[in-house]
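Undergrad: Here is the input, now give the coordinates:
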Amino acid sequence: MSYAITIIGKLGDALSNPLAWLAGFGLAVLGYLLGEPGAAFYALWTAVAMDLLSRLISESVQHGGFWKAIREGHIQSDKALAGAKVKIPAYFIMCVFAAQTMHFPYEYAYVASSIIYGIFFFVELESTCENFIEAGVEEFSWLKRFSKRKLEQMVEDGENSGSNEPLI
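TA: I've put the predicted structure just below:
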């Protein structure tokens, strides 16, 4: 009986805190929109993080070290945030689309989700390779070409599929 009273007390505390309500509601909406993220979701966001990290490495190498690049203004939070403040919400919206396609009543709805994640993953991979090439690591040039070729193939396949054929 005391366990039930404790639960009711905690529930009463949570109901009286509007910030807790808002956070709970926000997390519930986020959970619904993204569903249960799979490996492709995590791979994409890992690739986004690696792109940002490789950009820092590239700027550091090009300008004589991390601290020197910061002092000279080559690495700035507002400069990095300028691109990220558009890219991250755009990718998030596309992740919502990818997650919601899983609710379509088609047998192969997961293919659309995989295509969305795949395209963005290869975009990030190409960008990361470009950053390392700028830093002087030429060994990434083959991976950049591979990534670019895969992106072009995906786009060409989408254009050649015909307008009367369903994608899913």
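Undergrad: mind checking which helix or strand the residue lying closest to residue 115 once chain neighbours are set aside is in?
TA: Leaving out its chain neighbours, the residue that sits closest to residue 115 by Cβ to Cβ, 6 or more residues apart in numbering is residue 154, at 7.0 Å. For glycine as for every other residue, the C-beta is placed from the backbone atoms N, C-alpha and C. Assessed by DSSP states H and E, residue 154 sits inside helix 141-160.
Undergrad: buried ones in that helix?
TA: Using 16 or more other Cβ atoms under 10 Å as the test for burial, helix 141-160 gives 144, 147-148, 150-151.
Undergrad: again, but for stretch 44-62
TA: For stretch 44-62, the neighbour count (16+ other Cβ under 10 Å) marks 44-45, 47-48, 51-52, 54-55, 57-61 as buried.
Undergrad: from those, which is closest to residue 23?
TA: Distance to residue 23 across those (Cβ to Cβ) is lowest for residue 45, with 21.2 Å.
Undergrad: list the contacts for that closest one?
TA: Taking Cβ atoms under 8 Å, 6 or more residues apart in numbering, we find residue 45 in contact with residue 91.
Undergrad: Contacts for the helix or strand hosting residue 86, please.
TA: In the assignment (DSSP H and E), residue 86 maps to helix 77-101. For helix 77-101, the surrounding residues in contact (Cβ under 8 Å, 6+ apart) are 33-35, 37, 40-41, 44-45, 48, 52, 55, 109-110, 112-113, 116-117, 120, 168.
Undergrad: same thing with stretch 109-125?
TA: So stretch 109-125 is contacted by 40-41, 43-44, 47-48, 50-51, 91, 94-95, 97-99, 101-104, 143, 147, 150-151, 154, 167-168 (Cβ under 8 Å, 6+ apart).
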